[in-house]
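Visitor: coordinates for the following, if possible.
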Amino acid sequence: MTIAIYPGSFDPIHNGHIEIARRASLLFDKLIWAAYDRPLKSILFNEEERLEFMRQAARDLPKVEVCSYHGLTVLFARQVGAKAIVRGLRATHDFEIEYQMALINKQQAPEIDTVCLMTGTQYAFLSSSILKEVALANGDISEMVPPYVASKLKVRIAQLGEDRGDKVKLVSLQE
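Guide: Here you go, the predicted model:
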C-alpha cells in the first residue's frame with residue numbers, strides 16, 4: 001500500500017486545498033490529510049475546527065484520512081509509513097519554497113519523496129491568507145470555500161468585532 005501525506009496548516013481550507021486532496025487521493029492507496037497542530041503563525045481556527053473542515057471536505061473521498069500532527073513533517077511521514085509528501089503549487093514563488101523544503105526533507109528522510117501537484121487555474125490565485133483578507137474586508141468568498149467554511153468564517157469574523165483594521169493586517173502577513 002502506497003501512503004502519502006498532504007500536510008499544512010489549512011487555516012482554513014479552501015477549494016484549492018480540496019482539489020489537491022481529491023487529486024492526490026487518486027494517485028495513492030491512502031492519503032493522510034494532516035493539519036499541523038501548532039503552526040508558527042497566527043491562526044483564526046483552532047486545531048479541531050480545522051480538522052472538522054477537512055473531515056467534511058473528505059467525506060466523499062474514501063481513501064483520505066484526516067488527522068493532525070506535530071513536529072517535523074518528514075518524521076510524521078515516516079511514523080505513518082508514507083512514501084510521499086504531497087504539496088500544491090500555484091506559481092513560481094510556491095515552487096521556490098517547496099523546492100527548498102523538498103531538499104531539506106530529502107536530507108532528513110531520504111526514503112520519502114515530495115510530489116508537487118499544480119493547482120487548477122481557477123485556484124491559482126487562492127491562498128488561505130488571501131481568503132482571510134477578503135473575508136475580513138467583507139468580500140465575496142463563495143467561490144473560494146465550501147459553504148460550511150464560509151459560514152464559520154463569517155461567525156469568526158463577527159467574533160473579532162467591528163474594529164478589524166489591525167486584524168486584517170495581521171492576517172495578510174500570514175502564510
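Visitor: the chain: helices as residue ranges?
Guide: 15-27, 47-58, 73-79, 92-108, 128-136, 147-160, 165-172 (DSSP state H).
Visitor: list the buried residues of the third one.
Guide: Of the residues in helix 73-79, those with enough neighbours to count as buried (16 or more other Cβ atoms under 10 Å) are T73, V74, F76, A77. Using the backbone N, CA and C atoms, a C-beta is placed for each residue, glycine as well.
Visitor: tell me how the protein divides into domains.
Guide: 3-123, 128-172 (automatic domain parsing).
Visitor: let me know which of the ones you listed is tucked in deepest.
Guide: domain 3-123 (a mean of 18; mean count of other Cβ atoms under 10 Å).
Visitor: how far does that one stretch from one end to the other?
Guide: 26 Å (Cα to Cα, to the nearest Å).
Visitor: state the mean pLDDT of that domain.
Guide: Averaging pLDDT along domain 3-123 gives 96.
Visitor: picking up where we left off before, would you turn the helices of the chain into TSV with distance to C116?
Guide: TSV is the format used below for the helices of the chain (distance: least, Cβ to Cβ, whole Å):
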stretch	distance to C116
helix 15-27	10
helix 47-58	20
helix 73-79	14
helix 92-108	6
helix 128-136	18
helix 147-160	24
helix 165-172	25
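Visitor: out of the ones you listed, nearest to P7?
Guide: Smallest distance to P7 across these (Cβ to Cβ): 4.9 Å, for helix 73-79.
Visitor: for the closest one, packing partners?
Guide: Using 3 or more Cβ pairs under 8 Å, 6 or more residues apart in numbering; DSSP states H and E, the elements in contact with helix 73-79 are strand 3-8, strand 82-89, helix 92-108.
Visitor: what about the ones you listed, which gets the closest to N15?
Guide: Of the helices and strands packed on helix 73-79, the one closest to N15 (Cβ to Cβ) turns out to be strand 82-89, at 11.4 Å.
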